[in-house]
Every structure is written in structure tokens, then in C-alpha cells.
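Undergrad: here is the input, now give the coordinates:
(3 chains)
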Amino acid sequence: MNIIDSANLVYRKTPVMTDLTMHYCPGCSHGVVHKLVAEVIDEMDIQDKTIGIAPVGCAVFAYKYIDIDWQQAAHGRAPALATAVKRLLPDRYVFTYQGDGDLAAIGTAETIHACNRGENIVIIFINNGIYGMTGGQMAPTTLDGMKTATSPSGRSVPLNGYPLDMTKLLAELDGTCYVTRQSVHSLGAVRKTKKALRKAFENSMLEKGTSVIEVVSTCNSGWKMTPDESNKWMVENMFPKYPMGDLKDR
Amino acid sequence: MRTEQEEIRLMKGNEAIAEAAIRCGCDGYFGYPITPQSEIMETLMDLRPWESTGMVVLQAESETASINMVYGAAGCGKKAMTSSSSPGMSLMQEGLSYIACAELPCVVVNVMRGGPGLGTIQPSQADYYQSVKGGGHGDYKLITLAPASVQEMADFTMLAFELAFKYRNPALILADGIIGQMMEKVVLPPYQARMTEEEIRRKYPWATLGKLRGQKQNIITSLCLLPEEMEAVNLHLQAKYRQVEQNEVRYETLHCDDAEYLIVAFGSTARVCQKAVETAREQGIKVGLLRPITLYPYPSEAIARIAGRGRGVLTVEMSAGQMLDDVRLAVNGAVPVEFFGRLGGIVPAPDEVFEALKTKLIKENV
Amino acid sequence: MAKVKGAVVVDTEQCKGCDLCVVACPSDVLSLSKEANAKGYNYSFMSSPDDCVGCAACAYVCPDACITVYKVKI
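TA: Numbering: from 1, shown residues only, chains lettered A, B, ... in the order given. So this is what the prediction gives:
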């Protein structure tokens, strides 16, 4: 019996993804999130109406992998670009894709103010508690005691302050309509994240405000663990500080 | 011939920029208040163009955000602009470097004030280096126009958009606090319709308006990791700059035909110098004035030609002498080049300029 | 009750051998091969193809979108 036949297909790579092999390290969460964004764009049939804003950091090349129009922003400035694109093209779906250094450190002002203005955009926030691209330095979201290239003995609160829960902060703003924290470490988590992304993209046409989706992620090369160990470490250590679920839905 | 839609008004330079922006079909203005240019955004907010032409006007959280909003809008092929004054321009340099590399057309207005630091709100021309020598990181150029009247504030807003789109390059209007704040008669141009999306797609196929079926994706970026590719990007930019230098030099001369001495000054300082030239002429001294209108590209050839026929050049600026370098490069040692400037927000007086001309230049040649 | 039989096809050149599909599979169908692809990764393959039920858990968690899943009722 030939199972491998298009009539029996249950899952295939969405055509909204390009054929390029992604540059991410094996097991990196970015790949899964990219795939989910592309799947949502595919299923909503909005490939011609979506403009992505890529960040600086590992996901700087997101534009190579999702086959839509993209602008690549300076570090932290993606929400400013997205603001202008959405204001000038209100019938387009506009999203930013940002890491924790981009969104929670250098781009704090742009992020908070875009959310506070209630821009009708989607902000996808990849939080892996580390600067991946530059070689594993401390991020604002790095956990207390977590070792990084710039906190080799572990993050110290007296020296570095507290891990920043940006998503909680953004949920407090009147401009946000949907703020949720998800992950992509298991089948169930992936499905929930996709559902959240779909909802966020739909929100951006309802003039409700900004949708923020934090995806608590792994950086196995930065964390110096295998992908599977990273997932387990994330559940055990990241989730207590960054708990899963909706923070706001209105 | 004026068309019926043209209007003659008495207004501030800053207000003229706002009026001209709406009239030339600008799609979006993004800015942050700073003296002495806040009237630009204030006027736009008063005129409410979003109700007439559909132009978006947004007050951003910082100059950093403003210039990046301009990046986003310009990336969609829209006519986008921002304005600021010196300290705010320092914050915009990051964005301008990205915009220059990504080759996005946009207009930026700098109504200069005295620095460095927080400085003063009084007029200055000390951002010349920042404007024409780069400002941000990397090898790039801003097409830089220096208005000397309220009329030119309006005219150059249109011209800046025209040049920005012609070369896919940011264009800077480098004014100063005098031109921004003073009131003069201005003929406002007729209204032009904003570009439709179809028009943008046809004229600017690189714009990110959404990837249509069967078309390739558009990517606006300044990233190019491979050094060979990055060098190619740079060589392309340099080739473009050579075109700009060949085609877009603009300047104005006064009494240069028989000039033994040449004054070079831009913006409001050129108007002060005009008075000094008149005084000199009344006393029988043959002085001419060259006013660069484009600071980049710079009218080096014209300066070399006119200065070469005479006995010396005086550069006058509201700075410690920045354009002076370009005048010296143009003259290349053929005749003496002297400098007179006032700093920190003080405007030179015509008699000071005349005095400097006599003591620094003419005396030397006696 | 209808029995379900599945099969997965791994794009072995795109696979980076991260092992996440192997861990995600509830039926222990997948393993990493001893062979390496052109990039030097030990790619994933169906070591126990008869146990596959086509649930696609492997494909959902795959960061490189290199798994295609098929399923039939028998």
C-alpha cells in the first residue's frame, strides 16, 4: 500500500515558506515560529497583504524564509517602522518579529509607545533570555543567576537588576488588546501558539489595538545544551518567571 | 504665470514647509517637538491634512522613532518626511545611515540651532559637517539643500522630494533658526494629488506594499554580510553620488562677474553677506557673493572658477568654520581663503562681515 | 475501530539532526541516522515505520519544516 500520496497528506511545509535552509542552529525555536507565522498567512490567504518587519539579531534574515514583503529595521526600531507602514496602509497586515534584546532593551521605547498608541499591528516577541546572534550575552530577560557571556558567574540582581517581564508591562497598557505568552516546545504548545498568532493577525483588522505574542523560546547553543535539554530547562526555569497563557484579551 | 491654485501668504519658514508638504502630496510626516522648528508639526496638526489629502501626521516618542517611522513609510514608496533641530538630528543619524544604505527616498528638515550639547535655541550653521560629511556611520551622502528665504523653504520641500525619489536617496533641507522663524511673503504652490498605490507599484517596483501573486518579494534592508557584496552596495552608492554631483549642483551668484574678492556663505548668512557686498560695492571694492544652494553636491567648480579670477575668498558661517574646508578644497590654494564666523547662536552683522573682509583679506593684499 | 497508518518523509538535506522530532514522536518511530547529510548532520529517519500513526507531532515541532506527513485509514 502506498501511503505516501498527495491524497493522504496531513502535513506539509507551507508554500509561504521559501525553499532556503534556515541559518538557525539545529533545534532553534525561531524556525518553528517562522513556520507558524507562514502557516497563518497561508491559511488566512493574506500573503499579498502582509508586510513583515524583521529585527536585528538572529532573526534578521527572517525575510529570506517567509515569502512576503519585508522591511528590516535597525536594532529595536521595528515597532516604529510598523507604525508608519500600518498607518499608511491600514488594510495591510503588519507584524514585527523581535527578540528580547531588540524588544526589551534597545527598543523599549519604540515597543512601549507603539503598544500605548494601540497601533493595529502584531508584535511577535521571541524571549530566550539571551543575545544569540552576538554570542550569548546577557539580555534584559536573562534569569537571575543565569550564566551568559557577559554574566559568566550568573546574572546578579545587585549588579544587573531584575529580569524584565516586558509582556506583563505591555499588558498594562491601554493600547494593547491581546497579550499572550506561549511556547513551541511540544505539539500542544505549537498548536496554541499558532492559534494565538491567528487571533493576533485577525485583531489587526478590527481596530482593537496592538496584539503581543511572547514566545518563550530556547537558544540551545547560547545556553550550551542540546535542543531537548533546552526545552526541559526552559519549562523548569523560564516558565516560573514567564508563565504561559493569556495576560489580556479584550 | 501663477495658476489659480497658487496662493500668496505671509508666513514663517517653518509654516511654509508644512504647507508645501501637504501641497506636494506628502503621505506622512513623523516628528518630535524641538525648538526652533516645532511650528512645522504644529502647523500640520492645525491644517489636519488627514481630512483633506489623507496625509498622516504623527507625533512620535522621539527623533529616533520619527526617523524610523520615515524608514517604514518610505519603504512602502510613500512620500515621507520628518523635521528636527540640531540635538534631535544627532539622534536621527542612526536612522539616516540605514535609510541611505537601504536607498529610501525621504525628506528631512534640520532647522539648526547652536550647539554642541543642548546648546541654545538661537540660529546656527554648525551642523554642516554632520549634514554633508556623513553624520552617521558608513560611506553615505545626503542631498543637502540650504534655503535662504521662506520662499525657498516651500520650494525646496518640493525639490527635496523630487531629488529624493529621482536618486532613491534621503534629501536634507538644512535651514537655520532665522529662516525657520522669520516671516516673509511666500507663493505657495498648487496642490498635487498624492500618489496612488498603482502609481507607486508602477514607478517604484521596490516598494513593500504587499507581494502580489506571481511577483517576487520586496525586501528593504541595509544588511549585506558578505564583504564582496557589501563593497558592491557601496560602489553602487558611490556611482549614484557621482551622478548627483554631475547633475544637481545648484548655487546663486551676486556681482561675481568682475569680483576681485569673493564671499561664500549659505542660508541666512548669505543674506547678511549680501548686505556686506552692497556696502563694499558702494565703497568701490569689487566683491562678489556665491551662495551654495546645494551643500551636497557642493559647487566646487564654480567657486574655483570665480575665486581663481580674483584675489581672495572670505567664507562666512555661523560656526567655527566648517564649510570653510570645502571652500579651501575647491580653491586648492589658488588664492587666500579666510574665515569669519560667529558661534553659539549669534548672527553676524553685515558691518562685521565687511570689517572682516577688509582686515582679513584686503589688507593682506595691499 | 478503524486502524490508522502513517508515514513521514524527511527532507534529509534540510534536516539538521536536532532530535526534536525524535523526542516528540509518541510512537518512537524516528531516530537519527548514522549517515550524515551534505552539511554533516545526522538526519532523522523512520527507524520503526510500522509504528507511525501519522499524528504529525514530529512535523509540528520541526524547526526546519523538513517533515511531510501522510496518513491512511485501513
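Undergrad: residues from chain A in reach of chain B?
TA: Within chain A, the positions near chain B by CB under 8 Å from any CB of the partner chain are A:47-51, A:53-54, A:60-61, A:63, A:67-74, A:77, A:80-85, A:87-89, A:92, A:109-110, A:113. Glycine gets a C-beta too; all of them are placed from N, C-alpha and C.
Undergrad: just the ones in strands from the residues you listed, please.
TA: Among these, the residues falling in strands (DSSP state E) are A:Thr50, A:Ile51, A:Ile53, A:Ala54, A:Asp69, A:Trp70, A:Gln71, A:Gln72.
Undergrad: beta-bridge partners for the third one, please?
TA: Pointing back at A:Ile53 there. Taking DSSP bridges as the rule, A:Ile53 bridges to A:Gln71, A:Thr96.
Undergrad: give me the neighbour count for it.
TA: Look at A:Ile53: counted by other CB atoms under 10 Å in any protein chain shown, it has 33 neighbours.
Undergrad: which residues touch it?
TA: Residues in contact with A:Ile53 (CB atoms under 8 Å, 6 or more residues apart in numbering or on different chains) are A:70-73, A:78-79, A:81-82, A:85, A:94-97, B:72.
Undergrad: C:Met46: which of the residues you listed is nearest?
TA: A:Tyr97 (33.0 Å; CB to CB).
Undergrad: ok, for the closest one, nearest residue in space, not its chain neighbours?
TA: Using CB to CB, 6 or more residues apart in numbering or on different chains and skipping residues adjacent in sequence, the residue nearest A:Tyr97 is A:Ile124, 4.8 Å away.
Undergrad: does that neighbour belong to a helix, a strand or coil?
TA: Following DSSP: H, G, I helix; E, B strand; the rest coil, A:Ile124 is assigned to strand.
Undergrad: distance-wise, check it relative to A:Ser211.
TA: Distance, A:Ile124 to A:Ser211, by CB to CB, to the nearest Å: 9 Å.
Undergrad: any idea how many residues pack against the closest residue to A:Thr21 other than its chain neighbours?
TA: Nearest non-adjacent residue to A:Thr21, counting by CB to CB, 6+ apart: C:Gln14, 5.3 Å away. By the criterion of other CB under 10 Å, C:Gln14 has 20 neighbours.
Undergrad: so who does C:Gln14 touch?
TA: Contact analysis of C:Gln14 by CB under 8 Å, 6+ apart lists A:Thr21, C:Asp64, C:Ala65, C:Cys66.
Undergrad: identify, from these, the entry nearest to chain B.
TA: Comparing the contacts of C:Gln14 against chain B with CB to the nearest CB places A:Thr21 closest, at 15.9 Å.
Undergrad: is it true that the closest one touches C:Asp64?
TA: Yes: counting by CB atoms under 8 Å, A:Thr21 touches C:Asp64, with 7.1 Å between them.
Undergrad: more neighbours: which of these two?
TA: Shown here are A:Thr21 and C:Asp64; by other CB under 10 Å, C:Asp64 has more neighbours (28 against 17).
Undergrad: what's near enough to touch A:Val212?
TA: A:Val212 makes contacts with A:Cys115, A:Ile123, A:Phe125, A:Thr167, A:Leu170, A:Ala171, A:Thr176, A:Tyr178, A:Val179, A:Thr180, A:Ala200, as judged by CB under 8 Å, 6+ apart.
Undergrad: at 10 Å what do you get?
TA: A:96, A:103, A:111, A:114-115, A:121-125, A:166-167, A:170-171, A:173, A:176-181, A:196, A:200, A:247-248 (CB atoms under 10 Å, 6 or more residues apart in numbering or on different chains).
Undergrad: which ones among these lie within helices?
TA: Under the assignment DSSP state H, the contacts of A:Val212 contribute A:Thr111, A:Ala114, A:Cys115, A:Met166, A:Thr167, A:Leu170, A:Ala171, A:Ala196, A:Ala200 to helices.
Undergrad: pretty sure the second one sits against A:Val122.
TA: No: here A:Ala114 lies out of contact with A:Val122, judged by CB atoms under 10 Å, at a distance of 11.0 Å.
Undergrad: okay, those two: which has more neighbours?
TA: Each of A:Ala114 and A:Val122 has its neighbours counted (other CB under 10 Å); A:Ala114 has more, 31 against 28.
Undergrad: nearest residue to the more buried one in space, please, no chain neighbours.
TA: Closest to A:Ala114 by CB to CB, 6+ apart is A:Pro79, at 3.5 Å.
Undergrad: can you give me the strands in chain A?
TA: Per DSSP E, chain A carries strands over the ranges A:9-11, A:50-54, A:69-72, A:93-99, A:122-127, A:130-131, A:137-138, A:176-183, A:210-216, A:245-249.
Undergrad: using CSV, lay out the ones you listed together with mean pLDDT.
TA: Formatted as CSV, those follow (pLDDT from 0 to 100):
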stretch, mean pLDDT
strand A:9-11, 97
strand A:50-54, 98
strand A:69-72, 98
strand A:93-99, 98
strand A:122-127, 98
strand A:130-131, 96
strand A:137-138, 97
strand A:176-183, 98
strand A:210-216, 98
strand A:245-249, 98
